[in-house]
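A.B. asks: One predicted model, sequence on top.
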Amino acid sequence: MTGQSPKRVVNYFVIAFIALYVSAATASESTGVTETLLDNGMKILIKPDHRAPVVVAQVWYRIGSSYEPEGITGVSHVLEHMMFKGTKRYGKGEFSRIIAENGGRENAFTGRDYTAYFQTLEKSRLAISMELESDRMRGMLLDENEFAKELQVVIEERRMRTEDKAESKVYEKFNEAAFPGHPYGRPVIGWMRDLKKLKVADLQKWYQRYYSPANAILVVVGDVKPDEVIAMAKKYFGPIKGPKVETPQQFKVAKQIATKRISVKAPANLPYVILGFHVPAVADRPKHEWEPYALELLSAILDGGNAARFADQLIRGQQVATTVSASYDPFARLAGYFLIDGNPARRTDIVQLEKAILEQLKQLKEKPVSNKELQRVKAQVIAADVYERDSVFYQGMKLGLLETTLNDWHLVESHVKRLRAVTAEQIMSVAKKYFIPENMTVAVLDPQPIPTDKPARKSVSEEQQNAN
């Protein structure tokens, strides 16, 4: 499953519902999560939600593209594909067939810092999910012929989603420039040069090394009883033996001392620009622990719906952009980054759009946001956080993500509280501190004529962050 876009997708709600969701957040801050650790080192997180007879089971592995050395980039994602190709016990396609026969849905995704597999089923079918996942944790058959075919699938996926899409190509070059010598400078799907040289032996070593219960988290959310889930997990996962996994190397981002600029020529209909700034994430343990949460709200101030500044001032007001968005992930494992990207309006150019974006950042540095704007944005962000809890899948996603990347699912409990505590002065402080020229990387798409003998594909920005 691929979900690769630097453009932020935000849930918005009408004002009439905001008070309801904010009050719901208070009541929900006690997560009701049961945590246990099996003797083999596998962590289990269980969150009962009895609103429907449904259960989501997710197995997360602490392995993704940021763990990969040069030469075998993309190995985590290719291995994810191969995890559906059969085990000693279940043949090719049997996993998906059994889940479907039991009325379930299943898939997987790979990111920079994790690989995860999930099933959504009627609650009485949970044991089927556990049996199948436990079987492929150590029992995968990595067949040479299946590998050769699946590798070509991934190569074509990369060709379609990056090589043939101008904005994706720009984003890949942007990451390489912003994170020199750092794992986040490499694409999740891998460099084409590495994919073409990848061997099944590379996958076998990767699988044996990282697909171990000591490197896995089982997350179960839904209409379940924790003691029954624990007993089930002990039955299916408890007997599995696997190696302890070494603590991964912690990479530091080289300090940037001047603006970096790159230009990419590629066939496209529209110009495109990315501006990025190195900022702290929660994992960086910044001196001021409120900074990541101030940056999260700052992102929503710029790009939080029709009332946000980018939409109001750059698209409708000045009409210098057709699209412009901001994104920031406070929970990245190795490095935080604040990203802005967009397309200029047809009677505007990239230079004018960049100038308009920087002017918006300047306003944040020079004048605190009003209390009215801050409260509106807080309500939106908190409401979106609470709204996600209506989905058992996204409840599991947040627990798994935080435990996998930061070893701390408890951040689910404190997230809303920390967002509420952010002040206008703190937002202005992070804007002044990080939105400076020497901390900025700019990547521009210089559109070239599209060959008339080749049909144009729709231009979409796609980050190599999650893949399958």
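C.D. replies: In hand now; what should we look at?

A.B. asks: CA atoms for contacts and neighbours, from now on please.
C.D. replies: Fine.

A.B. asks: Show me where this protein has its strands.
C.D. replies: Here the chain has its strands, by DSSP state E, at 34-37, 43-48, 54-61, 105-110, 115-122, 216-222, 260-267, 272-279, 321-328, 336-344, 440-448.

A.B. asks: Show me the one of these that comes nearest Lys169.
C.D. replies: Nearest to Lys169 among the strands of the chain is strand 260-267; the distance by CA to CA comes to 8.0 Å.

A.B. asks: how big is the angle separating that closest one from strand 440-448?
C.D. replies: Interaxial angle, strand 260-267 versus strand 440-448 (axes from the mean of the first three to the mean of the last three CA atoms, to 10 degrees): 20 degrees.

A.B. asks: mind checking how far Val282 is from Lys378?
C.D. replies: Per CA to CA, to the nearest Å, Val282 is found 19 Å from Lys378.

A.B. asks: Would you state the helices of the stretch 251-400 of the chain in chain order?
C.D. replies: 291-302, 309, 350-366, 371-388, 392-406 (DSSP state H, counting those that start in this stretch).

A.B. asks: Pick out the shakiest of those, pLDDT-wise.
C.D. replies: For the helices of the stretch 251-400 of the chain, mean pLDDT drops lowest on helix 371-388, to a mean of 91.

A.B. asks: Output the contacting helices and strands for that one.
C.D. replies: Contact analysis of helix 371-388 by 3 or more CA pairs under 8 Å, 6 or more residues apart in numbering; DSSP states H and E lists helix 15-28, helix 291-302, helix 411-421 as its packing neighbours.

A.B. asks: Could I have the CA atoms of stretch 410-426 written out in PDB?
C.D. replies: The C-alpha trace of stretch 410-426 is given here as PDB (Å, rounded to 0.1, in the frame of the first residue of the first chain):
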ATOM      1  CA  HIS A 410       1.800   6.900  26.100                       C
ATOM      2  CA  LEU A 411       2.300  10.000  24.000                       C
ATOM      3  CA  VAL A 412      -1.300   9.200  22.800                       C
ATOM      4  CA  GLU A 413      -2.500  10.300  26.200                       C
ATOM      5  CA  SER A 414      -0.500  13.600  26.400                       C
ATOM      6  CA  HIS A 415      -0.900  14.800  22.800                       C
ATOM      7  CA  VAL A 416      -4.100  16.800  23.200                       C
ATOM      8  CA  LYS A 417      -3.000  18.200  26.600                       C
ATOM      9  CA  ARG A 418       0.300  19.500  25.100                       C
ATOM     10  CA  LEU A 419      -1.500  21.000  22.100                       C
ATOM     11  CA  ARG A 420      -3.900  22.900  24.400                       C
ATOM     12  CA  ALA A 421      -0.900  24.300  26.300                       C
ATOM     13  CA  VAL A 422       0.800  26.000  23.300                       C
ATOM     14  CA  THR A 423       0.700  29.800  23.400                       C
ATOM     15  CA  ALA A 424       0.800  32.400  20.700                       C
ATOM     16  CA  GLU A 425       4.300  33.500  21.900                       C
ATOM     17  CA  GLN A 426       5.600  30.000  21.500                       C
END
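
A.B. asks: Of all the residues in it, which ones are buried?
C.D. replies: Going by neighbour count (16 or more other CA atoms under 10 Å), the buried part of stretch 410-426 is Leu411, Val412, Glu413, Val416, Leu419, Arg420, Val422, Thr423, Ala424, Gln426.

A.B. asks: how is this structure carved up into domains?
C.D. replies: Following automatic domain parsing, one gets these domains for the chain: 27-236, 260-448.

A.B. asks: Please render those domains as TSV that adds distance to Phe251 to the earlier fields.
C.D. replies: Shown next, in TSV, are these (distance: least, CA to CA, whole Å):
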stretch	distance to Phe251
domain 27-236	7
domain 260-448	7
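
A.B. asks: Below-threshold pLDDT in this structure: ranges please.
C.D. replies: Within the chain, the stretches with pLDDT under 70 are 1-31, 453-468.

A.B. asks: repeat that with 90
C.D. replies: Residue ranges of the chain with pLDDT under 90: 1-31, 242-254, 285-287, 304-305, 382, 384-390, 412-413, 450-468.

A.B. asks: between the domains of the chain, which one is nearest to Glu246?
C.D. replies: For Glu246, the closest of the domains of the chain is domain 27-236, at 9.3 Å, according to CA to CA.

A.B. asks: Does Ala266 touch Tyr272 like I think?
C.D. replies: No: applying CA atoms under 8 Å as the test, Ala266 and Tyr272 come out as separate, 10.9 Å apart.

A.B. asks: intersection of neighbour lists for these two?
C.D. replies: Leu445, Asp446 (CA atoms under 8 Å, 6 or more residues apart in numbering).
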